[in-house]
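Student: have a look; sequence and predicted model below, questions after that.
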Amino acid sequence: MTIERIVLAFAGIAILLSLGLAHYVDVNWLWFTAFVGFNLLQSAFTGFCPLAIVLKKAGRKPGNAF
C-alpha cells in the first residue's frame, strides 16, 4: 500500500470514528472531524501532510493515488 492510499484510509477511518464518538459519546468529537477535514484540505494545496512524512521515514513507498 502506498503512502497516498494509507493517508486516505487513515483519514476516512478517523472521520468515521469521530462521527461515531460524536453521536454516542460527546458532540465535541466533531472538532476532531473538522481537524481531519482541514488537514486534508490544506495538504491538497500545500502538499504538506505530517502522516505522509512519518510514513516516508518508516519506509513506505510513495505512489499515484489514482
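Tutor: In hand now; what should we look at?

Student: pretty sure Ser43 sits against Gly37.
Tutor: No - using CB atoms under 8 Å, Ser43 is not in contact with Gly37; the gap is 10.9 Å. Heads up, the C-betas are built off the backbone N, CA and C, glycines and all.

Student: those two: which is more packed in?
Tutor: Ser43 (16 against 13; other CB atoms under 10 Å).

Student: pull out the buried positions in the helix or strand hosting Val7.
Tutor: Here Val7 sits within helix 3-24, counting by DSSP states H and E. Neighbour-count burial for helix 3-24, with 16 or more other CB atoms under 10 Å as criterion, is recorded at 3-4, 7, 11, 14-15, 18, 21-22.

Student: separation between the residue nearest to Asn39 when sequence neighbours are not counted and Ala14?
Tutor: For Asn39, ignoring the flanking residues on the chain, the nearest one in space by CB to CB, 6 or more residues apart in numbering is Cys49 at 7.3 Å. Distance from Cys49 to Ala14, counting by CB to CB, to the nearest Å: 13 Å.

Student: circling back: which residues sit against the helix holding Val7?
Tutor: 1, 28-30, 32-33, 36-37, 39-40, 49, 51-52, 55-56, 60-65 (CB atoms under 8 Å, 6 or more residues apart in numbering).

Student: let's see it as PDB, backbone CA atoms only.
Tutor: Taking Å, rounded to 0.1, in the frame of the first residue of the first chain, the C-alpha atoms of helix 3-24 are listed here in PDB:
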ATOM      1  CA  ILE A   3       1.700   6.500   1.200                       C
ATOM      2  CA  GLU A   4      -1.200   8.200  -0.500                       C
ATOM      3  CA  ARG A   5      -3.600   5.200   0.000                       C
ATOM      4  CA  ILE A   6      -2.600   4.900   3.700                       C
ATOM      5  CA  VAL A   7      -3.300   8.600   4.200                       C
ATOM      6  CA  LEU A   8      -6.700   8.400   2.600                       C
ATOM      7  CA  ALA A   9      -7.600   5.300   4.500                       C
ATOM      8  CA  PHE A  10      -6.400   6.800   7.800                       C
ATOM      9  CA  ALA A  11      -8.400  10.000   7.200                       C
ATOM     10  CA  GLY A  12     -11.500   8.000   6.300                       C
ATOM     11  CA  ILE A  13     -11.200   5.900   9.500                       C
ATOM     12  CA  ALA A  14     -10.500   8.900  11.600                       C
ATOM     13  CA  ILE A  15     -13.600  10.800  10.300                       C
ATOM     14  CA  LEU A  16     -15.900   7.800  10.700                       C
ATOM     15  CA  LEU A  17     -14.600   7.100  14.200                       C
ATOM     16  CA  SER A  18     -15.000  10.700  15.300                       C
ATOM     17  CA  LEU A  19     -18.500  10.800  13.900                       C
ATOM     18  CA  GLY A  20     -19.400   7.700  15.900                       C
ATOM     19  CA  LEU A  21     -17.900   9.200  19.000                       C
ATOM     20  CA  ALA A  22     -19.800  12.400  18.500                       C
ATOM     21  CA  HIS A  23     -23.000  10.500  18.100                       C
ATOM     22  CA  TYR A  24     -22.600   8.100  21.100                       C
END
